[in-house]
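Q: 3D model of this:
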Amino acid sequence: MRKSLTILLSLCVITVFALSFSAQPVLQARGGVTPENIPWNRHPSRTTTVEFSATPAGEGEVSATALPKLALIIGISDYAGTSNDLNYCDDDALEVRDTLVQKYGFSSSNITLLLDTEATDANIRAGIEWLITNSGPDSHVVFWYSGHGSRSNKNMDDDPERQDECIIPHELSRIWDGELANYFAQVTSNYFWIGFDSCYSGGMDDITNKAPAGKVLTMACGEGEYSYESSSIGHGYFTWLMVEEGMRLGKGDANGDGIVSVEEGFTYCKNNIKSYSKRQNPVMVDGVSGELVP
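A: Okay, the predicted model is just below:
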């Protein structure tokens, strides 16, 4: 009888252990962009970007005057080839869109949302041009990207850096940080929030060097780190903590004024991310005097 009880207790312990293990969230890095699954990574080509002529998906005519609030939000989970797919970048993009509309007074008609197959190299570039054309000094502008990030082992865009970082459109081309710096320098807004939930994104910290004033740059991880997403929350940890928890749900409201600034949302994320993702350290570059409210 005692032997039977011992065997039964052992089986219970094994079952509980197995269930607890299976319940752990599945972490997936938004990097891992090795030569095996994104073949251009080892020796990136300067010719992988393309000229654009497309109108950003879902957008209408260009405004004759600057818009008060406008955003370009990109989320790419569906890449050209299942081995490269992610899971929750499109959910990140929708969360950012909903937060801007619900909490910060953005009109959905002034938000260009590029998801998955819409987020081509051409459409992303056209979307940035749309931001440039439709914004002015008093406009509140947001650019957000969730998707794969990569880096090079040589200078790809003729900027001062020896190694460059990039975002990766749907068709697995590259838009390098030096190119983004040139684009964003043309956005005249004094209230410009730029966010990246992608691997190696901390290396994007030079994007605002050409025009730092009025821009807050928030990045999910350090220059040599991955950004992680999880099945337990259905988001990237950075987007979930900063945007959903910190900003939309108001948990980042450190001064209790009922309004969560970009800086407050980032600080909330930075203070809490180690409880969930120990291997990423968010980075912020702040060129705004005071705090930026989108």
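Q: Does Lys103 touch Arg248 like I think?
A: Yes: between Lys103 and Arg248 there is a contact under CB atoms under 8 Å: 5.6 Å. Backbone N, C-alpha and C define where each C-beta goes, glycine included.
Q: Compare neighbour counts for those two and give me the winner.
A: Higher neighbour count among Lys103 and Arg248: Arg248, with 20 against 17, using other CB atoms under 10 Å.
Q: how about that one, what does it touch?
A: Listed by CB atoms under 8 Å, 6 or more residues apart in numbering, the contact set of Arg248 reads 95, 98-99, 102-103.
Q: Might you report the residue contacts of Gly195?
A: Contacts for Gly195 were tallied using CB under 8 Å, 6+ apart; they are 96, 142-145, 217-219, 242.
Q: Dump those residues to TSV, plus pLDDT and distance to Val187.
A: Formatted as TSV, those follow (pLDDT from 0 to 100; distance: CB to CB, whole Å):
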residue	pLDDT	distance to Val187
Val96	98	18
Val142	98	11
Phe143	98	8
Trp144	98	14
Tyr145	98	15
Leu217	97	12
Thr218	98	16
Met219	97	18
Met242	98	21
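Q: quick check, nearest of those residues to Ala181?
A: Closest approach between those and Ala181, by CB to CB: Leu217, at 10.6 Å.
Q: what's the closest non-adjacent residue to that closest one?
A: Leaving aside its chain neighbours, Leu217 sits nearest to Val285 (4.2 Å; criterion: CB to CB, 6 or more residues apart in numbering).
Q: can you redo the contacts of Arg248 as a markdown table with distance to Gly252 and pLDDT?
A: Shown next, in a markdown table, are the contacts of Arg248 (distance: CB to CB, whole Å; pLDDT from 0 to 100):
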| residue | distance to Gly252 | pLDDT |
| --- | --- | --- |
| Glu95 | 14 | 98 |
| Asp98 | 16 | 98 |
| Thr99 | 12 | 98 |
| Gln102 | 15 | 97 |
| Lys103 | 11 | 97 |
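Q: Nice, that's everything, thank you.
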